[in-house]
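> Everything below, folded, please.
(6 chains)
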There are 4 protein chains.
Amino acid sequence: MNKDRPKYRQIIEGAIEVIAENGFHASQVSKIAKKANVADGTIYLYFKNKEDILISVFKDKMGYFVDETMNAIKEKESASDKLAMFIYMHYKLLSASPHLAIVTQLELRQSKPKLRHEINSVLKAYLDIIDLIVKQGIEEQDFRADINPKLVRQMIFGTIDESVTTWVMKSQRYSLIDQADDIHQLLVNGLFNNK
Amino acid sequence: MNKDRPKYRQIIEGAIEVIAENGFHASQVSKIAKKANVADGTIYLYFKNKEDILISVFKDKMGYFVDETMNAIKEKESASDKLAMFIYMHYKLLSASPHLAIVTQLELRQSKPKLRHEINSVLKAYLDIIDLIVKQGIEEQDFRADINPKLVRQMIFGTIDESVTTWVMKSQRYSLIDQADDIHQLLVNGLFNNK
Amino acid sequence: MNKDRPKYRQIIEGAIEVIAENGFHASQVSKIAKKANVADGTIYLYFKNKEDILISVFKDKMGYFVDETMNAIKEKESASDKLAMFIYMHYKLLSASPHLAIVTQLELRQSKPKLRHEINSVLKAYLDIIDLIVKQGIEEQDFRADINPKLVRQMIFGTIDESVTTWVMKSQRYSLIDQADDIHQLLVNGLFNNK
Amino acid sequence: MNKDRPKYRQIIEGAIEVIAENGFHASQVSKIAKKANVADGTIYLYFKNKEDILISVFKDKMGYFVDETMNAIKEKESASDKLAMFIYMHYKLLSASPHLAIVTQLELRQSKPKLRHEINSVLKAYLDIIDLIVKQGIEEQDFRADINPKLVRQMIFGTIDESVTTWVMKSQRYSLIDQADDIHQLLVNGLFNNK
DNA sequence: GATGAATGAGAATTCATTCAT
DNA sequence: TATGAATGAATTCTCATTCAT
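Numbers count the residues shown, from 1 in each chain, chains lettered A, B, ... in the order given. Predicted coordinates for the structure are as follows:
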């Protein structure tokens, strides 16, 4: 139960690696236990069941993502600058953990309702950051007010998420961070050519 | 193997319904067979294995999507108008088949590498339409040329896809089609407020 | 489902043997399947779960016991003669199936409430035969009327059952049938010496 | 190992309660430890293993039963009176401990050979009391001599045991002690009506 | 082509027991 | 003595797939 116990962290990190390499369904609990250097049964002292491992991995990392991102955008003034930083941080954090990127872009897309529901509620805090940025942009009249902010959020997250998925599917063979500026440009200025 | 045989269609349509209702993993072959009014073994006269059913559903429907969409945008002149039509058709076709929408947005997000690969190659023809529109837009200098067209494609598809997923997750309780214009607006003009 | 299918009988008879030899808890389903010459999964086409095998064995054999016993006592006139025949048949039927005797005297004494409840309801039909005999005895004034017939039934069944258990625990090394007369004598005349 | 230590008694009494409520198989060692207010590991300072707890409970209580019963029948002269007292004591002692009754009638009917063997050897001392009474009865020519005393013992114990089991299965909803006289009557005089 | 009874591989989870503190 | 965190062995059942009819 105590999340600071070393075994808890061993299991979380072991699980990320094993799941990234094998996929969630092919990641037997015994395989995760072995990678984490604990006994199979020990897993169940810290996690309710196998799905709970996946969700806990996501919660754990998402908490870190939210903290890091909030810190980073705090130093930016305008909504546009904050959005640029948000994109940069998202790419940076996932680039730093190739295994984790695989887990978030592929393994977490579970279709099991209960699981999906829990994943979404963890994701909520992260999406809230986008909402915050959009809200500021509209209030300061930098961003357009004539469109439902939820749709704006969907465009921002959908775009970033799709770009990361593409990168993972292409075996992370190019730099994601290098795309940050272009993606930001596209989002704020749109497709149209304004010579 | 003849795909026009009635049993082939029975199985495809039965599978969409069963998978949408139960999820792919909980959709036993026997359940699909029962819904399709065929014997379990008959499934294997038309499909290689269970995954092949899922892929065949997607291929079947994607072929229809590509045809319908190509037809629809053919009548539009400019890239922007074609994009608007593309978004409209995407929303329209998925709105018309709630079960299919569940399958494409949730069940097809399978993490099994082989399956994912096949799904992507089916999706390719559909993404090619976006690429075509983007290419035309750039050539006619309507769309900006300073950004990698692949990133533009990712923004367009990522945005549309995320908006459909949100709609499915919200139990399809609002009109997707009504959002088409705003999404198009956002994509071509961006977030910035151009008073 | 069809109880006349040969595989159903193979499993029932295989189960009796395996359970008698190993005890119910040590009788893995795979062991039963092997003895019955069917695949593990086939068991589950005929039985809900492992416990259902045990109950089905008992139901199957009890049905046979009830039929045989009813037939046998039908030919006797008096309650006392019927009781003598009941005891004789009980001993005879169990003597004929040493494995089954082990199962009924030891393995069926399960403490799991749901299981015990089902076992009791199967036993009911058999105990009803005793009740019938007692009722006739009292009506014809052969048996005493001053004592609750339920207690009489408990004495009769308790005595027979204990004698069979003792015989099983002594590895069935002596003849149970040879005791039938003495047990009958004891039950009808009691302990007291009537010189 | 000192059996008078408070923790030993805490565990024995805790075990009776937990086993009666959950059944032996569903009575995890940790559950017994918690009820007894000791640590899981402490159990193993007093008992060899989980089965040893069950046997120790039975030994502990059986010793008490034997002592109490021997004391009680000592004051009776005739074998018949002693038998009546034996029955009365058996019912009285079990009526006083509903939890214990559940354990003796249901949970101790374990089919595991080693366990069953140990349980029987503990029961031996108690059955010896019946043998003693029967022997006296025969010697004093109160009881019939024409029947194997072992069968007599089986009738007596089988009858009493079955009556207690019935009572436990009926959730102990009626008075067992009230049946003592009738059961004694039945055993000594038999079923036959002697007007 | 069509059937559906039979197959058998595969994995999460529990819990009695140990042992370092 | 007493603790309780850690261990790891052990087994039912599901369900995709086959193949004799």
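> Quickly check: the helix or strand harbouring A:Phe157 near chain B or not.
Here A:Phe157, judged by DSSP states H and E, is contained in helix A:149-169. Yes - applying Cβ under 8 Å from any Cβ of the partner chain, one finds helix A:149-169 touching chain B at A:150-152, A:154-155, A:157-163, A:166, A:169. For glycine as for every other residue, the C-beta is placed from the backbone atoms N, C-alpha and C.
> As a check, name the ranges of all helices in chain A.
Assigned by DSSP state H, the helices in chain A fall at A:6-22, A:29-36, A:40-46, A:50-74, A:79-96, A:98-102, A:113-139, A:149-169, A:180-189.
> For the second one, buried residues please.
Residues A:Val29, A:Lys31, A:Ile32, A:Ala33, A:Lys35, A:Ala36 are the ones in helix A:29-36 that count as buried (16 or more other Cβ atoms under 10 Å in any protein chain shown).
> With adjacent residues omitted, what lies nearest to the second one?
With Cβ to Cβ, 6 or more residues apart in numbering or on different chains as the criterion, A:Lys31 has its nearest non-adjacent residue at 5.4 Å, and that residue is A:Val18.
> And the pLDDT at that neighbour?
Looking at A:Val18, its pLDDT is 95.
> Give me the neighbour count for the closest residue to A:Gln136 other than its chain neighbours.
Excluding the flanking residues, the one nearest A:Gln136 by Cβ to Cβ, 6+ apart is A:Ala79, at 4.5 Å. Using other Cβ atoms under 10 Å in any protein chain shown, A:Ala79 has 23 other residues around it.
> residue contacts, A:Ala79?
A:Ile133, A:Val134, A:Gln136, A:Gly137, A:Glu140, A:Asp142, A:Phe143 (Cβ atoms under 8 Å, 6 or more residues apart in numbering or on different chains).
> From B:Leu151, how far off is it?
Distance, A:Ala79 to B:Leu151, by Cβ to Cβ, to the nearest Å: 21 Å.
> now do A:Asp178
A:Asp178 is 11 Å from B:Leu151, by Cβ to Cβ.
> Compare these two and say which one has the larger neighbour count.
Shown here are A:Asp178 and B:Leu151; by other Cβ under 10 Å, B:Leu151 has more neighbours (20 against 10).
> wait, isn't that one in contact with A:Asp181?
No - with contacts counted by Cβ atoms under 8 Å, B:Leu151 stays clear of A:Asp181, the gap being 10.5 Å.
> Surely A:Asp131 touches A:Ile156?
No - under the criterion of Cβ under 8 Å, A:Asp131 is not in contact with A:Ile156, lying 9.7 Å apart.
> which one of the two has more residues nearby?
A:Ile156 (28 against 16).
> Name all residues that make contact with that one.
By Cβ under 8 Å, 6+ apart, the neighbours of A:Ile156 are A:Leu83, A:Ile130, A:Val134, A:Leu187.
> Looking at the first one now. What's its pLDDT?
It refers to A:Leu83. So A:Leu83 comes in at 98 (pLDDT).
> Skipping adjacent residues, who's closest to it in space?
Nearest one to A:Leu83, counting by Cβ to Cβ, 6+ apart, is A:Ile133 at 5.3 Å.
> Angles on the backbone of A:Tyr174, please.
phi -130, psi 170 (degrees, to the nearest 10).
> Quick check: chain neighbours aside, which residue is closest to it?
That would be A:Trp167: by Cβ to Cβ, 6+ apart, it lies 7.0 Å from A:Tyr174.
> Do I have it right that A:Ala72 meets A:Ile87?
No - the pair A:Ala72 and A:Ile87 fails to qualify as a contact (Cβ under 8 Å) at a distance of 10.8 Å.
> So for the two, which residue has more residues nearby?
Each of A:Ala72 and A:Ile87 has its neighbours counted (other Cβ under 10 Å); A:Ile87 has more, 23 against 16.
> Tell me where the model's unsure across chain A.
Residue ranges of chain A with pLDDT under 70: A:1-4, A:195.
> Next one: whatever residue of it ends up closest to DNA strand F relative to C:Gln28, how far apart?
In chain A, the residue that lies nearest DNA strand F is A:Gly41 (1.6 Å; Cβ to the nearest atom of the strand). According to Cβ to Cβ, A:Gly41 and C:Gln28 sit 22 Å apart.
> A:Lys61 too?
From A:Lys61 to C:Gln28 the distance is 42 Å (Cβ to Cβ).
> Neighbour count for these two, which is higher?
Neighbours were counted for A:Lys61 and for C:Gln28 using other Cβ under 10 Å; A:Lys61 has more, 19 against 13.
> Would you agree that one is in contact with A:Leu100?
Yes - A:Lys61 lies in contact with A:Leu100 (Cβ under 8 Å); the separation is 6.0 Å.
> So for those two, which residues contact both of them?
Between them, A:Lys61 and A:Leu100 share these contacting residues under Cβ under 8 Å, 6+ apart: A:Ile16.
> just the buried residues of helix A:29-36 now: which is nearest chain C?
Distance to chain C across these (Cβ to the nearest Cβ) is lowest for A:Val29, with 21.9 Å.
> so who does the closest residue to A:Leu108 other than its chain neighbours touch?
Computed as Cβ to Cβ, 6+ apart, the closest residue to A:Leu108 that is not its neighbour in sequence is A:Ile119, at 5.6 Å. For A:Ile119, the contact set (Cβ under 8 Å, 6+ apart) comprises A:Ile55, A:Phe58, A:Leu108, A:Gln110.
> how much space between the third one and A:Asn194?
Between A:Leu108 and A:Asn194 the distance, using Cβ to Cβ, works out to 38 Å.
> Those two: which has the busier surroundings?
More crowded of A:Leu108 and A:Asn194, by other Cβ under 10 Å: A:Leu108, with 21 against 10.
> Go ahead and confirm the residue nearest to A:Lys31 touches A:Ile32.
Yes - at 5.0 Å, A:Val18 and A:Ile32 qualify as touching, with contact defined as Cβ under 8 Å.
> joint contacts of these two?
By Cβ under 8 Å, 6+ apart, no residue touches both A:Val18 and A:Ile32.
> The residue nearest to A:Arg5 when sequence neighbours are not counted: neighbouring residues, count only.
In this structure, A:Arg5 finds its nearest non-sequential neighbour in A:Tyr46, 7.5 Å apart by Cβ to Cβ, 6+ apart. Residues near A:Tyr46, counting by other Cβ under 10 Å, number 21.
> and if you look at the one 10 residues further on?
Per other Cβ under 10 Å, the neighbour tally for A:Ser56 reads 19.
> ditto for A:Asn120
Using other Cβ under 10 Å, A:Asn120 is surrounded by 11 other residues.
> repeat for A:Lys150
Neighbours of A:Lys150 (other Cβ under 10 Å): 14.
> Same question for A:Ile130.
Residues lying near A:Ile130 (other Cβ under 10 Å) number 21.
> still on that earlier bit, can you tell me which of the contacts of A:Ile156 is closest to chain C?
Taking Cβ to the nearest Cβ as the measure, chain C lies nearest A:Ile130 of the contacts of A:Ile156, at 49.7 Å.
> Please tell me how far that closest one sits from chain D.
Computed as Cβ to the nearest Cβ, to the nearest Å, the A:Ile130 to chain D distance reads 46 Å.
> Identify the residues contacting that residue.
Per Cβ under 8 Å, 6+ apart, neighbours of A:Ile130: A:Phe86, A:Arg153, A:Ile156, A:Phe157.
> any idea which of those residues is closest to chain C?
Of the contacts of A:Ile130, the one sitting nearest to chain C (Cβ to the nearest Cβ) turns out to be A:Phe157, at 45.3 Å.
> just checking, the closest one touches A:Asp128?
No - contact criterion Cβ under 8 Å: A:Phe157 and A:Asp128 do not qualify, at 11.2 Å.
> what about the residue in chain A that chain D sits nearest to, how many residues close to it?
Per Cβ to the nearest Cβ, A:Leu45 is where chain A lies closest to chain D, at 12.4 Å. A:Leu45: 14 surrounding residues under other Cβ under 10 Å.
> Residue numbers of chain A in contact with DNA strand F?
A:Arg5, A:Lys7, A:Val38, A:Ala39, A:Asp40, A:Gly41, A:Thr42, A:Tyr44, A:Leu45 (Cβ under 7 Å from any atom of the strand).
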